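[1] Take a look and give me a structure for this.
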Amino acid sequence: MQKMALVIQTASSAIGGKRSVDAGADILVAQGRETGGHVRGMVANLPPIPGVLNVAGSVQVLAAGGISDGRWLAAALCLGASGVVIGTRFLATPESTAHSEYIVLRNAEADRWPAEGYPGNRTRHRSGEMVAMRGSAPFVTVP
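    I've put the predicted structure just below:
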């Protein structure tokens, strides 16, 4: 059967990476707790990279989560990643098409999520520390 799409799968551990490779993933994204969106990682962004690489075989591995400048890119490359996936950091750039008053938050209560038994909403939408901001909107914490 001919493949019709490139499969890119996130992995937060060697076990997840192995399952993804066995399922036919074309690219793995080793991600940690700092990754935005659907987060499965329980550790920081760099520790999963070697484990995922160990099981990746010929599958390319990218790193994601908290990559905000060249130092993080260099660290990911030094650990063996082929590249990085950067998302949230770009929302604060002048070139971004996000709303001019968009505020990007990092969850300062990340430890609360495991303490609550990992509730179903894995995106962890709670108030947190501001890491990027476009425009001049006042910072407002919503309870």
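[2] end-to-end on stretch 71-91?
    Terminal residues of stretch 71-91 lie 19 Å apart, using Cα to Cα, to the nearest Å.
[3] And it, what's buried?
    Buried residues in stretch 71-91, counted by 16 or more other Cβ atoms under 10 Å: 72-73, 75-76, 79, 81, 84-86, 88-89, 91. Just so you know, the C-beta spots here come from the backbone N, C-alpha and C atoms, and that holds for glycine as well.
[4] Can you pull out the low-pLDDT segments for this protein?
    Scanning the chain for pLDDT under 70 picks out the ranges 1, 36-41, 92, 99-143.
[5] at 80 instead, please
    Under the criterion pLDDT under 80, the flagged ranges of the chain are 1-3, 33-42, 87-94, 96-143.
[6] can you map out the strands along the chain?
    Along the chain, the segments classed as strands by DSSP state E run 8-11, 27-31, 60-64, 83-85, 103-107, 128-133.
[7] Contacts for the fourth one next, please.
    This means strand 83-85. Contact with strand 83-85 is made by 29, 31, 60, 62-64, 67, 72-73, 76-77, as judged by Cβ atoms under 8 Å, 6 or more residues apart in numbering.
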